[in-house]
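*Asks:* what shape does this take:
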Amino acid sequence: MYYSIIIPIYNRPGELRELLVSLTKQTYKNFEVLVIEDGSTNRSDGVVANFSDQLAIRYFFKENSGQGFTRNYGFERARGEYFVIFDSDALVPPHYFSAVNQQLGSSWLDAYGGPDAAHPDFTPIQKAISYSMTSPFTTGGIRGSKKNLGGTYHPRSFNMGLSRAVWEAVGGYKLSRMGEDIEFAIRIIENGFRTGLIPDAFIYHKRRTNFGQFFRQLRFFGRARINISRYYPAELKLVHAFPALFTLLVFSLPIWALVSSLLFTLAISILGFFSVLIFVDAARKEKSLYVGLLSVAAAFVQLMGYGVGFLSEGWKRLTEPKGFRETGATLEYPS
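*Replies:* Residues are numbered from 1 along each chain as shown. Purely as a prediction, here's the structure:
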């Protein structure tokens, strides 16, 4: 199998360098790499040139249009039988393509997704953020599980593969931001293609390096969930409102303190139990009390960032004209 790796990049040449280094260490090497610069001011062409003797790599520069349409640009120029998409803030372990190739050879998947994990060299904050994005006690468990809501696995674009046949039949991304990967996965499944998780095809996902960036990213994700409901109302489920309810609970604490000491104590008890649960689980998994404490903060930032985005875009959705749809094509990347 010949693979085409599609990497959209936007003002992050340092991240790209680390990703390309990890690709040079793959045990399975039958692939090409397409780096698509999405209108960056801090370009990565020099980084790509440094790997021209180590990888079958091509570089393209285009006007800014967002992640989804940038991936489409790569699909149109790919030569492989199977396309693989990575976010630029990924590190790919050496066994990755061997694991994918073995899976596709034994049990074919038209499209797959892989989990994400924290590298041992990540900073404590990065490990805490990674924990919150993969923990079953936050919204993260759905992303890495074998089945998503509804019983069918929906791959996500930070670590995703699809056959050329899927691209030719489905036509790529219709949205460029605001939940583009969710919408794309829905259409892949609706067209009858087989999707699944490859557990061994994990990546080390660096994500954001501080809680401010993480909050803004998750606020964007919360908005994206509402945006998808403009196209697929049935995809908005009760569980998606959990971060919004959590956010309202936190913001309402001063009210409960004034109105009812019993309700205030109950709310504090719920948040306290949740915090202890996160701390114990994260400290156990990461073997670090410090990462456990940071994971509590990361879980609150994650849920409240997502909740704020969900509530703000939800209010916009309720008050906009009937039939209105926002593609998100003019929105900026979450920073």
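
*Asks:* residue 122: what's it in contact with?
*Replies:* 130, 204, 206 (Cβ atoms under 8 Å, 6 or more residues apart in numbering). Backbone N, C-alpha and C define where each C-beta goes, glycine included.

*Asks:* contacts only, for the one residue sitting closest to the centre of the chain.
*Replies:* The structure's the chain has its C-alpha centroid closest to residue 158; by Cα atoms, centre = their mean the separation is 4.9 Å. By Cβ under 8 Å, 6+ apart, residue 158 lies in contact with 85-87, 90, 116, 181, 203, 205.

*Asks:* from the contacts of residue 122, which land in helices?
*Replies:* Filtering the contacts of residue 122 for membership in helices, criterion DSSP state H, returns residue 130.

*Asks:* looking at the contacts of residue 122, spot the one nearest residue 120.
*Replies:* Distance to residue 120 across the contacts of residue 122 (Cβ to Cβ) is lowest for residue 204, with 9.0 Å.

*Asks:* any idea how far residue 301 is from the closest one?
*Replies:* For residue 204, the distance to residue 301 equals 21 Å [Cβ to Cβ, to the nearest Å].

*Asks:* what of residue 218?
*Replies:* Taking Cβ to Cβ, one finds residue 218 at 7 Å from residue 301.

*Asks:* pLDDT score assigned to residue 256?
*Replies:* Residue 256 carries a pLDDT value of 89.

*Asks:* who's more crowded, residue 218 and residue 301?
*Replies:* residue 218 (27 against 22; other Cβ atoms under 10 Å).

*Asks:* and the more buried one, what are its phi and psi?
*Replies:* Main-chain dihedrals, residue 218, degrees, to the nearest 10: phi -70, psi -30.

*Asks:* for residue 159, same thing?
*Replies:* Per degrees, to the nearest 10, the backbone of residue 159 is at phi -160, psi 90.

*Asks:* which residues does the nearest residue to it once chain neighbours are set aside contact?
*Replies:* The spatial neighbour of residue 159 that comes closest, neighbours along the chain excluded (Cβ to Cβ, 6 or more residues apart in numbering), is residue 114 at 4.4 Å. Residues near residue 114 by Cβ under 8 Å, 6+ apart: 96, 100, 159-160, 197-203.

*Asks:* for PyMOL, write the selection for the buried entries among those.
*Replies:* Listed next is the PyMOL selection for buried residues among the contacts of residue 114, using 16 or more other Cβ atoms under 10 Å:
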select buried, resi 96+100+159+160+197+198+201+202+203
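
*Asks:* follow-up on the earlier one: who touches both of residue 218 and residue 301?
*Replies:* In contact with both residue 218 and residue 301: no residue, using Cβ under 8 Å, 6+ apart.

*Asks:* now the strands for the stretch 1-150 of the chain?
*Replies:* 3-9, 31-38, 57-62, 82-86, 90-91, 111-113, 116-117 (DSSP state E, counting those that start in this stretch).

*Asks:* out of those, which is closest to residue 235?
*Replies:* strand 111-113 (16.7 Å).

*Asks:* and the next helix or strand past the helix or strand of the chain with the lowest mean pLDDT?
*Replies:* Across the helices and strands of the chain, mean confidence by mean pLDDT, DSSP states H and E is lowest for helix 141-144: a mean of 48. For helix 141-144, the succeeding helix or strand toward the C-terminus, using DSSP states H and E, is strand 159-163.

*Asks:* now that next one - C-alpha only, PDB.
*Replies:* Output of strand 159-163 as PDB, limited to C-alpha atoms (Å, rounded to 0.1, in the frame of the first residue of the first chain):
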ATOM      1  CA  ASN A 159      -5.300  11.400  13.100                       C
ATOM      2  CA  MET A 160      -7.300   9.900  10.300                       C
ATOM      3  CA  GLY A 161      -7.000   7.900   7.200                       C
ATOM      4  CA  LEU A 162      -9.200   7.300   4.200                       C
ATOM      5  CA  SER A 163      -9.000   5.400   0.900                       C
END
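
*Asks:* buried residues in the following helix or strand past it?
*Replies:* Where DSSP H and E defines the elements, the next helix or strand beyond strand 159-163 is helix 164-170. For helix 164-170, the buried set under the neighbour-count rule, 16+ other Cβ under 10 Å, comprises 166-167, 170.

*Asks:* what does stretch 64-75 give?
*Replies:* Under the neighbour-count criterion of 16+ other Cβ under 10 Å, stretch 64-75 has 65-75 buried.

*Asks:* got it, and stretch 44-60?
*Replies:* Buried residues in stretch 44-60, counting neighbours by 16+ other Cβ under 10 Å, are found at 44, 47-48, 51, 55-59.
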